[in-house]
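Novice: Quick check, what structure comes out for this input:
(chains A, B and C)
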Amino acid sequence: MGQMYFLVENEETMTSDSIKNNRNNNKNLTKWFSEIPFLRESQIMKIHYITGVGALFVVAIHIMMRLIMPFNMSLEFENVILNYKNIFYALLLESILILIAIHGFNGLRVILLEIRQTQIWERAVNILVIVAMIGIIAYGTRTIIIANGFSLG
Amino acid sequence: MTTASSAKRIDDNYNKNDRTNREGLRGWLNPLAYGWERVSYWFQRLTGIFLLVYFIGHVYETSSLVSGPDAWAAMLELTQTIGGHLFLILVIGASTLHTVNGIRLIFTQSGQGLGKPGRPDYPYDPTSINNKQRSGLWIAFILAAVAMLYGANVLFSGE
Amino acid sequence: MKIFKKDKKEEEITNERSLKLERSNKSTNNNNSINQNSKKLRIFRINAVQNPNDVPHFDEFQVPVKRWTTVLDALLDAKSYQDSSIGIRYSCRMASCGSCGMKINGVPRLACYTKISDLDTNTITCEPLPNFPYIRDLVTDFSQFFAHHRSVMPFIQNKKADIPDVNELSEYEQSPQELDKFLQFSYCIKCGLCYSACPTVATDLKFPGPQALSQAYRYLADSRDSDKSNRLKVIDTSHGIWRCHFAGSCSNVCPKGVDPALGIQLLRSHLLGISNNEKKIAKLKDRSTDSSYREDLEEQKEEK
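Specialist: I've put the predicted structure just below:
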């Protein structure tokens, strides 16, 4: 390949060459999350689309469950616990948790990355988003497991 | 062909971190100047952030289940109010809009429904800005309104 | 009572006098002075290079306007007759060079291509293109814009096109249908209007912008180019093509019908692996055995 045009090197802006170098560094965790490791942006966005479409179906079922009986009755403690005790419903809730956490926090990551582009900001955004994703999935899973094991009466 | 050294010379005075005259967030808050697609961009962002905040709150509020019936009842007292219902109606509208518009965006951002490249001629109307893909946004607004009405009916009917 | 028409020379003198009267009227507070043949022009003034602490302000001018007067005509009139220090960049005056891009009444437009009558307001506000650093008044710095353009490798890359070794009567064959796949994107005049209108460019310094991305598609779709994988790698980053959200503002403001939004979405379909625009790489055809080409070449040699 012939000579490539490139910009004056600066760690805060990517050139076509530094973009390629950065890609190789996605596999290198010592770059400390300036990019999401192991995943190209196109793969991240495919996940974003798939989780979005998947969330549509599971959330639709979740909402319809509130309408199989009068709405206020469906919110009573015993009825809610009975829902959680149904393993399929518990799995449904878990999948909602995972799909929406990934879709939502990736969307937030996209918005925050567009606002500022310093290396510290990008690293902080990538790390915080992953931590928040794992945190909320863990917290919601705790609720599902405990509610599933709840004994009524 | 420009070599590496001459490219550097061209760019010597170039400041790539110069944010002067960048519109910044003001550039996002200008949804009406450029057509329906810009409105869609703005609403998709707004509803996305709103729904993420709701999602975090919803996971937190439902966790009161593990503390027993009293905690759950206390949580319901907070949320099953007129204000809570109105907020939930907004959530219903936002989620419908975000979902339907999101499906439209999945199609358009894959190049579907935008027409084909050709030979532009005066008045140089772009093929991607057409009513076929825009109608997805209009349908999203209509469905969101319908969903909000239905939600209001369920929440306020007292059943 | 005159029973004959004024002769032409007398009419021209009268028109010239009335024009001069209009030009000399610089009152901006007197609304009676804003008549059908005169409009108020507000021009953004700043001298960023010579005075980095300069505070921007607007200067107002009354300019004569006729039916076909463009914003560029009005600006040059103000520069010629009222304030020669106004900084304006322009060249072809016919929407071919892309030099006169500026924000006119809140929307990025080409000044030579925007008729004042189309704006339908009494006040025309001219500001420099947003998202470009200031130089002076309406002139902005295009270095960042051009650097993004260069970063997408805007040239044909074909390993077989080693020009010195190829027979001089060879060509890459391209059918009209293959040409139509990228032709409209090659009409880009790099005016920067799309870059100004884009909401992502407003905040993201690393985002290449709609112009660069549509040029990336222009070369990807060209059947003479064989470097698809590298082109896609360059834009497949956290600040690359995926920060476009199809706000469509770029296509709305483009004066040449390039439709950068279409190019970007078609390019995305390649990255998602669902494109139905797969191309056949153009073949190098040796025309040296073609008698008509050979005759032309021999004639040229004889003329020399």
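Novice: Which residues of the stretch 151-300 of chain C lie near chain B?
Specialist: C:180-185, C:187, C:197, C:199, C:201-203, C:205, C:221, C:245-249, C:251-259, C:261-263, C:265-266, C:268-269, C:272, C:274-275, C:277 (CB under 8 Å from any CB of the partner chain). (Glycine included, C-beta is placed from N, CA and C.)
Novice: which one is A:Ile102 nearest to, not counting chain neighbours?
Specialist: Distance criterion CB to CB, 6 or more residues apart in numbering or on different chains; nearest residue to A:Ile102, sequence neighbours excluded, is A:Thr51 at 4.8 Å.
Novice: so which of the residues of the stretch 151-300 of chain C next to chain B are also by chain A?
Specialist: Counting by CB under 8 Å from any CB, C:203, C:205, C:272 from those sit close to chain A.
Novice: For the second one, give its distance to C:Leu138.
Specialist: With the distance defined as CB to CB, to the nearest Å, C:Leu205 ends up 23 Å from C:Leu138.
Novice: export the ones next to chain A among the residues of the stretch 151-300 of chain C next to chain B to CSV and tack on secondary structure and neighbour count?
Specialist: Output for those, formatted as CSV (DSSP: H, G, I helix; E, B strand; the rest coil; neighbours: other CB atoms under 10 Å in any protein chain shown):
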residue, secondary structure, neighbour count
C:Thr203, coil, 24
C:Leu205, coil, 20
C:Leu272, helix, 16
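Novice: For B:Trp42, give me phi and psi.
Specialist: Here is the backbone geometry of B:Trp42 (degrees, to the nearest 10): phi -70, psi -50.
Novice: That should have said C:Gly273, apologies.
Specialist: phi 80, psi 20.
Novice: Can you say which helix or strand has C:Phe44 in it?
Specialist: strand C:38-45 (DSSP states H and E).
Novice: Same check on C:His270?
Specialist: Per DSSP H and E, the secondary structure element for C:His270 is helix C:260-272.
Novice: For residue 147, grab the count of nearby residues.
Specialist: In the absence of a named chain, this looks at chain A. If you count neighbours by other CB atoms under 10 Å in any protein chain shown, A:Ala147 ends up with 19.
Novice: could you do chain B instead?
Specialist: For B:Ala147, the neighbour count with other CB under 10 Å is 20.
Novice: who's in contact with the closest residue to it other than its chain neighbours?
Specialist: Nearest residue to B:Ala147, sequence neighbours excluded (CB to CB, 6+ apart): B:Thr96, at 4.3 Å. Going by CB atoms under 8 Å, 6 or more residues apart in numbering or on different chains, B:Thr96 touches B:140, B:143-144, B:147-148.
Novice: at 6 Å what do you get?
Specialist: Residues near B:Thr96 by CB atoms under 6 Å, 6 or more residues apart in numbering or on different chains: B:143-144, B:147.
Novice: So which of these belong to helices?
Specialist: Those of these mapping onto helices are B:143-144, B:147, per DSSP state H.
Novice: could you redo the ones next to chain A among the residues of the stretch 151-300 of chain C next to chain B as a markdown table and give each row pLDDT?
Specialist: Listed next are these as a markdown table, based on pLDDT from 0 to 100:
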| residue | pLDDT |
| --- | --- |
| C:Thr203 | 92 |
| C:Leu205 | 90 |
| C:Leu272 | 87 |
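Novice: Going by distance to A:Thr143, which of those residues wins?
Specialist: A:Thr143 lies nearest to C:Leu272 out of those, by CB to CB, at 35.5 Å.
Novice: any idea how far that closest one lies from B:Ala144?
Specialist: C:Leu272 is 27 Å from B:Ala144, by CB to CB.
Novice: same check, this time on A:Ile130
Specialist: 31 Å.
Novice: And these two? Which one has more around it.
Specialist: With neighbours defined as other CB under 10 Å, A:Ile130 and B:Ala144 compare such that B:Ala144 has more, 22 against 16.
Novice: Could I get the contacting residues of the more buried one?
Specialist: Here B:Ala144 is in contact with B:93, B:96-97 (CB under 6 Å, 6+ apart).
Novice: which one of the residues you listed sits closest to chain A?
Specialist: Of all those, chain A sits closest to B:Thr96, with 10.3 Å by CB to the nearest CB.
Novice: Which helix or which strand is home to the residue nearest the centre of chain A?
Specialist: Central residue of chain A (CA atoms, centre = their mean): A:Ile102, 1.5 Å from the mean position. Using DSSP H and E, A:Ile102 falls within helix A:87-115.
Novice: Any part of the next helix or strand after that helix near chain B?
Specialist: Next along the chain after helix A:87-115, taking DSSP H and E as the criterion, comes helix A:119-148. Yes. Using CB under 6 Å from any CB of the partner chain, helix A:119-148 reaches chain B at A:136, A:140, A:143, A:146-147.
Novice: filter these to the buried ones?
Specialist: A:136, A:140, A:143, A:147 (16 or more other CB atoms under 10 Å in any protein chain shown).
Novice: from those, which two are the most distant?
Specialist: The largest separation in those, counting by CB to CB, is between A:Ile136 and A:Ala147 at 16.4 Å.
Novice: wait, C:Tyr217 sits on C:Ser269?
Specialist: No. Between C:Tyr217 and C:Ser269 there is no contact, the gap being 10.1 Å when judged by CB atoms under 6 Å.
Novice: So between the two, which is more surrounded?
Specialist: C:Tyr217 (27 against 17).
Novice: Okay, the more buried one and chain A: tell me how far apart.
Specialist: 15 Å (CB to the nearest CB, to the nearest Å).
Novice: give me the number of residues near C:Arg67?
Specialist: Using other CB under 10 Å, the number of residues around C:Arg67 comes to 7.
Novice: pLDDT score for the residue nearest to the centre of chain A?
Specialist: A:Ile102 is assigned 96 on the pLDDT scale.
Novice: Touching, C:Ser251 and B:Ser128? I think so.
Specialist: Yes. Between C:Ser251 and B:Ser128 there is a contact under CB under 6 Å: 5.5 Å.
Novice: who's more crowded, these two?
Specialist: Neighbour comparison, C:Ser251 and B:Ser128: the larger count goes to C:Ser251, with 30 against 25 (by other CB under 10 Å).
Novice: How about residues contacting the helix or strand encompassing the more buried one?
Specialist: Using DSSP H and E, C:Ser251 maps to helix C:249-253. By CB under 6 Å, 6+ apart, the list of residues contacting helix C:249-253 from outside reads B:34-35, B:38, B:126, B:128-129, C:108, C:193-194, C:197-198, C:210, C:259-261.
Novice: can we see that at 7 Å?
Specialist: B:34-35, B:38, B:126, B:128-129, C:107-108, C:193-194, C:197-199, C:210, C:259-262 (CB atoms under 7 Å, 6 or more residues apart in numbering or on different chains).
Novice: how about the residue of chain C at minimum distance from chain A, secondary structure?
Specialist: Closest to chain A within chain C is C:Arg150: 3.9 Å, counting by CB to the nearest CB. Here C:Arg150 is helix, with the state taken from DSSP: H, G, I helix; E, B strand; the rest coil.
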